[in-house]
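K.L.:
Need coordinates for the following:
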Amino acid sequence: MDHRLLEIIACPVCNGKLNYIQDKQELICKIDNLAFPVRDGIPVLLENEARVLAAEESRP
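P.N.:
Take a look at the predicted model:
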């Protein structure tokens with residue numbers, strides 16, 4: 001994923017920073033404990049498409 005894109009996109013729920021996890025193809029919002037999928041290189045920033053992070057995933 002293009003790092004320039006990561007600088008401008010934000011969590012659709014809280015407008016917070018998203019972190020890209022390449023091996024899982026997900027964008028993570030630590031504030032809301034949500035993981036948004038990246039499909040075919042396109043971030044799917046819909047709250048109903050996100051999964052809730054497990055407790056061990058949401059630790060800093």
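K.L.:
Now do the contacts for the residue nearest the centre of the chain.
P.N.:
Ranked by distance to the mean C-alpha position of the chain (C-alpha atoms, centre = their mean), the top residue is residue 27 at 2.1 Å. Residues near residue 27 by C-beta atoms under 8 Å, 6 or more residues apart in numbering: 9, 18-21, 35-38, 43, 45. C-betas here are computed from N, CA, C, even on glycine.
K.L.:
right, and residue 11 touches residue 33 too?
P.N.:
No. At 10.7 Å, residue 11 does not count as touching residue 33 under the criterion of C-beta atoms under 8 Å.
K.L.:
what about the two, which has more around it?
P.N.:
Taking neighbours as other C-beta atoms under 10 Å, residue 11 and residue 33 compare with residue 11 leading, 20 against 15.
K.L.:
which stretches of this protein form strands?
P.N.:
19-21, 26-29, 34-39, 42-43, 51-52 (DSSP state E).
K.L.:
Give me the contact list for the longest one.
P.N.:
Outside strand 34-39, the residues within contact range by C-beta under 8 Å, 6+ apart are 1, 11, 13, 18, 20-21, 24-29, 43-47, 49-53, 57.
K.L.:
Tell me the neighbouring strands of that strand, and mark each as parallel or antiparallel.
P.N.:
strand 26-29 (antiparallel), strand 42-43 (antiparallel), strand 51-52 (antiparallel) (DSSP bridges).
K.L.:
Give me the buried subset of the contacts of strand 34-39.
P.N.:
11, 18, 20, 26-29, 43, 45, 50, 53 (16 or more other C-beta atoms under 10 Å).
K.L.:
which of those lies closest to residue 5?
P.N.:
residue 43 (7.7 Å; C-beta to C-beta).
K.L.:
ok, the closest one - contacts?
P.N.:
Per C-beta under 8 Å, 6+ apart, neighbours of residue 43: 1, 5, 9, 18, 27, 36-37.
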